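A.B. asks: Below is the structure, and that's it, no one-letter string:
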């Protein structure tokens, strides 16, 4: 029996791509895989979209972009696939693709379901003009890159502001000592709801609440800073 060459056991082919979906991948994880020659491409979709609706790839406009911009785009869900129409809608109406304003993703197209089997069409699933309501909240930038921020039912509504638990989790994960982070809403007499962050540090890791909040404060602003922090 030929002996296994241990030095080659974990080597992966160069320029390998991995497509991910189901949950957002953090920038730190994408960078870690890229260091080993594996580029992670994210996508988004639903069973109702058969199933892929967006796909992340390096558009020609970004061919000469620097590493920071490359990774910033990589954590997004990508751009709508051909033949799919996508819009953002909230209480203020249809939102522009400016990379800032958010709304529920609504889609339509030849491969998007028009109804559910033996289920009457209702406004909680489809809009009056025939768009599928996905329940996902996002922003879209001028190049068409979709950034999923949360589910409509998971958004934290604090003092009139919508805070994305996913964005806050990703910001906390940027700290090098954080292994896992989860953000939930808790009741607050003044603000109605505030985010509560539960953080697990890497073995031997140490960080103060101020240090852990720094990336979140820089990314999301003061309004999204969690009320309290539980570190394990």
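C.D. replies: Yep, it's here. Predicted model only: the values in this text are computed from it and were never measured. Residues are numbered from 1 along each chain as shown.

A.B. asks: if I look at residue 187, how far off is residue 164?
C.D. replies: Using C-beta to C-beta, to the nearest Å, we find residue 187 at a distance of 19 Å from residue 164. In short, each C-beta sits where N, CA and C put it, glycine included.

A.B. asks: And stretch 37-56, what's buried?
C.D. replies: Judged by neighbour count (16 or more other C-beta atoms under 10 Å), stretch 37-56 contains these buried residues: 38-46, 48-49, 52-56.

A.B. asks: next one: stretch 180-196
C.D. replies: In stretch 180-196, counting by 16+ other C-beta under 10 Å, buried: 181, 183, 185, 191, 193-196.

A.B. asks: out of those, which are inside strands?
C.D. replies: Among the buried residues of stretch 180-196, the residues falling in strands (DSSP state E) are 181, 183, 185, 193-196.

A.B. asks: Taking these together, which two end up most distant?
C.D. replies: Pairwise distances across those (C-beta to C-beta) peak at 18.2 Å, for the pair 181 and 193.

A.B. asks: what pairs with residue 162 across the strands?
C.D. replies: Counting by DSSP bridges, residue 162 forms beta bridges with residue 157.

A.B. asks: and it, how far is that from residue 156?
C.D. replies: Noted for residue 162: a distance of 7 Å to residue 156, by C-beta to C-beta.

A.B. asks: Comparing the two, which residue is more hemmed in?
C.D. replies: Using other C-beta atoms under 10 Å as the criterion, residue 162 and residue 156 rank with residue 156 on top: 23 against 16.

A.B. asks: quick one on the thing from earlier: with distance to residue 72 added, can I get the ones in strands among the buried residues of stretch 180-196 in TSV?
C.D. replies: Formatted as TSV, those follow (distance: C-beta to C-beta, whole Å):
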residue	distance to residue 72
181	19
183	21
185	27
193	28
194	28
195	23
196	27
